[in-house]
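> Using only what follows, build the 3D model:
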Amino acid sequence: MALGATRFGEPELEASRDMKVVTRIGVGYDAVDVPALSRRKVPLMVAGTPIRRRRAEQALCHDADAGQARGGNAFPRQGTASGSPSGMLPYDLFGKTVLIVGFGRIGTRTAKRCLAMEMNVLTYDPYKSAAEIKAAGCEPVGDLDAALPRADFVSIHCPKTPETVGMFNATRLKRMKPTAYLINTARGGIVDEAALYDALVAGKLAGAGLDVFEQEPPPSGHSLFELPNVIMAPHVAGVTREAVDRMSEQTARNILSALDAHDPPERHQSGRARLIPD
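Alright, predicted model coming up:
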């Protein structure tokens, strides 16, 4: 079975009767009932490798766009000429500090791109060693709450699990600088959207870049839609023509590998509780 965003669990397994393998056309599997697959010894695989570069690129674009939106984004819409007030000028990425939350396949590539922009890169990932993070040229941080006030940009790259749902709540958002930007290209639900709206309206955050939402598609009239300091995309950070082709091919290879009793690198043992950052 090859899945897109479709939920899959016990009812679908019961209907299928003799499911051999489940694979996601993508990287996350929060919509899949992993314990149900484990009980039936059905392997679960993902196709994350083909999209990791594109999602890293999108995260960096959100960083750059967030800084630009502060200045020039509104002026063409208002028919205003260039020469904006100095308080509305956009930011450079050079010399800024980015905090990357989740140092897996996408987080590591986002870090490389931020380092190339001569940014200071902090990394929070309780499942990665400090030595591994340092070897990548980044500064490991063991306390997320202590690191948040240091960051000009916070970029989220962890999976959606019971551990990370609501990770960025009102308390955590208050720890960020009022000049900081929050970027989420991981999964909706990791950021408390109501708390984010309140922080943005109150001027406690400068802006946000969102590719994912708690409900997808988000309902018409969503409160975040009205804010000029929010840049949004419809969960397409990993989607390009090339990435879709690569994902489709990897998904087919995953299915064939399972049927042939091979164990490809994209496979996740469905009985394991620990899910690596995506």
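> mind listing the helices for the chain?
Along the chain, counting by DSSP state H, helices occupy 10-16, 34-40, 52-69, 75-78, 105-116, 130-135, 144-147, 170-175, 193-201, 241-259.
> Enumerate the positions of the second one that are buried.
Meaning helix 34-40. Buried positions in helix 34-40, judged by neighbour count with 16 or more other Cβ atoms under 10 Å: 34, 36-38. For the C-beta atoms, the positions are set from N, CA and C on the backbone; glycine is no exception.
> From the residues you listed, pick the one nearest residue 231.
Closest approach to residue 231 among the buried residues of helix 34-40 (Cβ to Cβ): residue 34, at 32.5 Å.
> re the thing from before, put together CSV for the buried residues of helix 34-40, with distance to residue 98 and pLDDT on each row.
Converted to CSV, these look like this (distance: Cβ to Cβ, whole Å; pLDDT from 0 to 100):
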residue, distance to residue 98, pLDDT
34, 31, 91
36, 38, 92
37, 36, 92
38, 36, 92
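> For the residues you listed, could you give me TSV that also reports distance to residue 209?
Formatted as TSV, the buried residues of helix 34-40 follow (distance: Cβ to Cβ, whole Å):
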residue	distance to residue 209
34	29
36	34
37	33
38	36
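> one step back: among the helices of the chain, which gets the worst mean confidence?
Ranked by mean pLDDT, the helices of the chain end with helix 75-78 at the bottom, a mean of 49.
> Nearest the geometric middle of the protein, what residue?
The centroid of the chain falls nearest to residue 186 when counting by Cα atoms, centre = their mean (1.8 Å).
> coming back round to it: any idea which of the helices of the chain gets closest to residue 161?
Short answer: helix 34-40, nearest of the helices of the chain by Cβ to Cβ, at 10.2 Å.
> Just the CA trace of that closest one, in PDB.
C-alpha atoms of helix 34-40 as PDB (Å, rounded to 0.1, in the frame of the first residue of the first chain):
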ATOM      1  CA  VAL A  34       2.300   2.400  13.800                       C
ATOM      2  CA  PRO A  35       1.300   0.100  16.700                       C
ATOM      3  CA  ALA A  36      -1.400  -1.400  14.500                       C
ATOM      4  CA  LEU A  37       1.200  -2.300  11.900                       C
ATOM      5  CA  SER A  38       3.500  -3.700  14.500                       C
ATOM      6  CA  ARG A  39       0.900  -6.000  15.900                       C
ATOM      7  CA  ARG A  40       0.500  -7.500  12.400                       C
END
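> which other helices and strands contact that helix?
helix 10-16 (3 or more Cβ pairs under 8 Å, 6 or more residues apart in numbering; DSSP states H and E).
> Give me the residues contacting the helix it packs on.
Residues from elsewhere that reach helix 10-16 (Cβ atoms under 8 Å, 6 or more residues apart in numbering): 1, 19, 33, 36-37, 40, 42.
> Closest one of those residues to residue 168?
Minimum distance to residue 168 across the contacts of helix 10-16 is 25.5 Å, recorded for residue 33 (Cβ to Cβ).
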